[in-house]
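> missing the sequence, but the structure's below:
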Ligand SMILES: [Zn+2]
């Protein structure tokens with residue numbers, strides 16, 4: 001089951017993805033269940049970043065009407081491997097700091113992959129890594145690592161507390177895609193309440209989640225639009241009667 005607060009965030013993110021569709025050449029459909037798992041894993045693995053390999057479900061092409069709805073003016077077919085298929089299971093492949101997370105442990109690379117497949121070994125179609133208490137904006141190391149990706153790379157940025165050894169780090173330039181709450185912000189009377197961060201939801205790890213960001217990009221540097229879908233492949237917030245997102 002996906003938490004109601006997360007469904008709300010994914011719904012507003014989908015509206016943003018639709019509104020910004022002309023800024024993207026391709027899209028990818030991520031089940032809400034998978035996304036929730038990624039958030040829980042990220043918080044359970046602190047203070048490390050995690051690298052997650054994700055495959056597509058070859059039996060689940062994108063719902064055609066949904067794909068058409070999120071298409072921008074310009075569409076690039078065959079931009080990456082697995083394009084047009086809903087994301088499937090995710091697997092944690094590595095953990096470490098912002099540099100080492102991209103380098104798979106040797107026992108992974110030794111027996112399983114031949115050297116010509118590169119350090120990420122083409123084991124998975126898509127890759128996602130986390131930025132604990134930092135925005136989802138790619139670093140130089142992230143851009144380098146993406147060069148071996150067959151599908152796309154994604155970055156999940158989370159702001160949470162207690163922050164442990166990782167205070168929120170915000171000094172990064174780049175395009176941000178934040179999952180916003182649809183609920184209006186309440187006006188707080190007390191000084192302390194006004195300076196407290198909003199709590200979007202609680203994770204099983206006990207962390208309060210204050211902000212979630214997610215971006216997708218192709219190794220060429222172009223952004224890939226992400227759409228959150230339910231078990232049927234329809235976006236959160238979809239109205240089947242009109243074939244559009246609810247306003
Ligand atoms: Zn990174």
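Received the coordinates, thanks. Here the structure is a predicted model, which is why all the values come from computation and not from measurement. Numbers count the residues shown, from 1 in each chain.

> when you work out contacts or count neighbours from here on, use the C-alpha atoms and nothing else.
Noted.

> residue 5: how many residues sit nearby?
Look at residue 5: counted by other C-alpha atoms under 10 Å, it has 15 neighbours.

> may I see the buried residues of the helix or strand harbouring it?
Using DSSP states H and E, residue 5 falls within helix 4-19. Neighbour counts over helix 4-19 (16 or more other C-alpha atoms under 10 Å) mark 6-18 as buried.

> my read: residue 90 touches residue 57, true?
No - with contact defined as C-alpha atoms under 8 Å, residue 90 does not reach residue 57; the gap is 11.2 Å.

> quick one: which of these two has more around it?
residue 90 (19 against 15).

> from residue 125, how far out is the more buried one?
Going from residue 90 to residue 125 by C-alpha to C-alpha, to the nearest Å gives 11 Å.

> mutual contacts of those two, please.
Common neighbours of residue 90 and residue 125, using C-alpha atoms under 8 Å, 6 or more residues apart in numbering, are 53, 54, 55.

> where does the chain dip in pLDDT?
For the chain, the stretches with pLDDT under 70 are 105-122, 186-188, 194.

> can you tell me the centre-most residue of it?
Nearest to the mean C-alpha position of the chain, counting by C-alpha atoms, centre = their mean, stands residue 214 at 4.1 Å.

> work out for me the element it sits within.
strand 208-217.

> return the distance of the following helix or strand past that strand from the chain's centre.
Later in the chain than strand 208-217, the nearest helix or strand by DSSP H and E is strand 223-229. Strand 223-229 sits 8 Å away from the centroid of its parent chain (C-alpha atoms, centre = their mean, to the nearest Å).

> and the helix or strand just after strand 223-229, how far out from the chain's middle?
Note on strand 223-229: by DSSP H and E, the next helix or strand toward the C-terminus is strand 238-239. Between the centre of strand 238-239 and the centre of its chain there are 22 Å (C-alpha atoms, centre = their mean).
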